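>>> output the structure for:
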Amino acid sequence: MNVHFIAIGGAAMHNLALALHNKGYQVTGSDDEIFEPSKSRLNAKGLLPDTFGWFPEKITDNLDAVVLGMHAKADNPELLKAQELGLKIYSYPEFLFEQSKNKTRVVIGGSHGKTTITSMILHVMHYHDRDVDYMVGAQLEGFDVMVKLTEANDFIVLEGDEYLSSPIDRRPKFHLYKPNIALLSGIAWDHINVFPTYENYVEQFKIFVDSIVKGGSINYNEEDAEVKRVVGASENPIRKIAYHTPEYTVEDGETYLETPEGPMPIEVFGKHNLNNLAGAKWICQHMGIDEDDFYEAISTFKGASKRLEKIAEGKTSVAYKDFAHSPSKVEATTKAVKEQYSDRTLVACLELHTYSSLNADFLKEYKGALDAADTAVVFYSPHAVEIKKLDAVSHEQIAQAFERDDLIIYTNPDDFKNFLLAQNLENKALLLMSSGNYGGLNFDEVKTLIK
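Purely as a prediction, here's the structure:
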């Protein structure tokens, strides 16, 4: 099968291209810019375009399918040529569904936790040598690729993202997978550039629950009131199975999960991660892993990349970085680190980096998000606000939004870096939360603070 990727360099797109190449497909692609690690990974398999740019001449009748990435625009020259030739054009999620029509589709949805839950499931499967197809949004220890597709495997585990499918398909990705087995971890308003109202955002999850195949099942986090309401209101004839945070204790910076065999030490921590673990356990049981085998495997799970990742630890200090940026994730992550290191001072630094977080109207959603921190710092770049063509955000607006009188706010990367490097972190825990890098912060320098 000959498949061409328009915008092959994206994190998701290049992984799908690699998966199809590994499956024996003939893969080509184009992009106007490709960054690392996509560039090296495509090059290693001979899939890196010779020249960057868009080339309509690459689009011919010989192609069986064209996969269109979100980075491309609706007037992309290659897309227009494909439309002119009447070729089959897929969005990324459409093509994944096409590849998994004859498999049992397991889809993990939710505003937060979906990458971690998907990673936990795959870790358990890998630990017990159960081969499954998958698509996950983070690089996992022990896995070469983030997408795997085969003809033989019965199950495919898919991280169900609610963001848009392609420039010409404005449906959320997770509407297209039609799961046999689903999970819904939480609903907290995000992506306001696409879903301008809370009600509009919640509606996408209602559609997701209704998209589960008849006779299928959904496991849902009953501690999230909106999730409970959405699942309960669905008239889809599916099994609805609730889960909740299991019992656990924290002693001397170590978390112990209560199991039928007694307390078991685990690598991950925080109430939200334990809640994620409970959801993952249910899904693994649906996939044939019994409870004892799940506990054995999950005890060795260290977390998904960029999710509460320990970057340095000394005798009296520790540093974590986390992808958290939405209000619910920031609050959960900050509470988790404070609970784990309750006897230490917590310095929590948040970069407002995404479209939603830099939107003046959305800022109020961050009320209380950093309350668990002893020292709370917010960094944002006025230049990033300009690039996203948003109204300017002031110090005063941020201070009012977080409702914290002692909030420290920086807009200059050098000032923030100097503040950080001047910190004495003895008996402290440092938490760096961002989907960016604080305007060019070198995390190796931060590690030198940890003693």
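>>> and stretch 247-261, how far out from the chain's middle?
Stretch 247-261 has its average C-alpha position 26 Å from the chain's average C-alpha position, going by CA atoms, centre = their mean, to the nearest Å.
>>> my bad, should have said stretch 58-68
30 Å.
>>> end to end, how far does that stretch reach?
End-to-end distance of stretch 58-68 (CA to CA, to the nearest Å): 14 Å.
>>> what does that stretch rub up against?
With CB atoms under 8 Å, 6 or more residues apart in numbering as the test, stretch 58-68 has contacts from 1-7, 13, 16-17, 28, 30, 76, 78-79, 81-82, 85, 87-92, 95, 166-168. C-beta coordinates here come from the backbone N, C-alpha and C atoms, glycine included.
>>> distance of the residue of the chain most remote from its centre from Leu87?
Within the chain, Asp61 marks the point farthest from the mean C-alpha position, 36.3 Å out by CA atoms, centre = their mean. As defined by CB to CB, to the nearest Å, Asp61 lies at a distance of 8 Å from Leu87.
>>> again, but for Asp343
Distance from Asp343 to Leu87, by CB to CB: 62 Å.
>>> what's the spacing between the residue farthest from the centre of the chain and Ile8?
Using CB to CB, which is the criterion applied here, Asp61 is 20 Å from Ile8.
>>> cool, and Glu33?
Taken as CB to CB, the span from Glu33 to Ile8 is 11 Å.
>>> sorry, back to before: narrow the contacts of stretch 58-68 to those that are buried.
Among the contacts of stretch 58-68, those scoring as buried are 3-7, 13, 16-17, 28, 30, 76, 78-79, 81-82, 87, 89-92, 95, 166-167 (criterion: 16 or more other CB atoms under 10 Å).
>>> one step back: show me which of Glu33 and Ile8 is the more surrounded one.
When Glu33 is set against Ile8 and neighbours are counted by other CB atoms under 10 Å, the residue ahead is Ile8, at 25 against 10.
>>> show me the contacts for the more buried one.
Going by CB under 8 Å, 6+ apart, Ile8 touches 14, 17, 29-31, 34, 42, 47, 49, 69.
>>> Glu313: which of those is nearest?
His14 (32.8 Å; CB to CB).
>>> so that closest one sits in a helix?
Yes: using DSSP: H, G, I helix; E, B strand; the rest coil, the assignment for His14 is a helix.
>>> what number of residues lie near it?
Quick note: His14 (other CB under 10 Å) scores 28 neighbours.
>>> what about the residue lying closest to it once chain neighbours are set aside, neighbour count?
Spatial nearest neighbour of His14, chain neighbours left out: Ser38 (4.3 Å); criterion: CB to CB, 6 or more residues apart in numbering. Residues contacting Ser38 under the criterion other CB under 10 Å number 21.
>>> what ranges do the strands span in the stretch 1-150 of the chain?
2-6, 26-30, 65-68, 89-91, 104-109, 133-135, 147-148 (DSSP state E, counting those that start in this stretch).
>>> repeat that for the stretch 351-451 of the chain.
For the stretch 351-451 of the chain, strands defined by DSSP E, counting those that start in this stretch occupy the ranges 375-380, 408-410, 428-433.
>>> in a markdown table: those strands, plus distance to Ala422 and mean neighbour count.
Shown next, in a markdown table, are those (distance: least, CB to CB, whole Å; neighbours: other CB atoms under 10 Å):
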| stretch | distance to Ala422 | mean neighbour count |
| --- | --- | --- |
| strand 375-380 | 12 | 22 |
| strand 408-410 | 12 | 18 |
| strand 428-433 | 13 | 24 |
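>>> bridged to Tyr320, which residues?
Listed by DSSP bridges, the beta-bridge partners for Tyr320 are Lys310, Leu431.
>>> what's it in contact with, if anything?
308-311, 337, 429-432.
>>> could you redo the last one with a cut-off of 6 Å?
By CB atoms under 6 Å, 6 or more residues apart in numbering, Tyr320 lies in contact with 308, 310, 431.
>>> count of residues packed around the first one?
Other residues within reach of Leu308, judged by other CB under 10 Å, total 24.
>>> shouldn't it be in contact with Lys321?
No: assessed by CB atoms under 6 Å, Leu308 is found out of contact with Lys321, at 8.3 Å.
>>> phi and psi next, for Asp154.
The phi/psi pair for Asp154 (degrees, to the nearest 10) reads phi -80, psi -40.
>>> correction: the previous question concerned Gly232.
The phi/psi pair for Gly232 (degrees, to the nearest 10) is phi -60, psi -30.
>>> not counting sequence-adjacent ones, nearest residue to it?
Closest residue to Gly232 apart from its sequence neighbours, by CB to CB, 6+ apart: Lys240 at 7.5 Å.
>>> state the pLDDT value of Lys388.
pLDDT recorded at Lys388 is 63.
>>> quick one, helices of the stretch 201-350 of the chain?
Using DSSP state H, counting those that start in this stretch, the helices of the stretch 201-350 of the chain run over residues 225-233, 271-286, 291-298, 327-340.
>>> great, nothing more from me.
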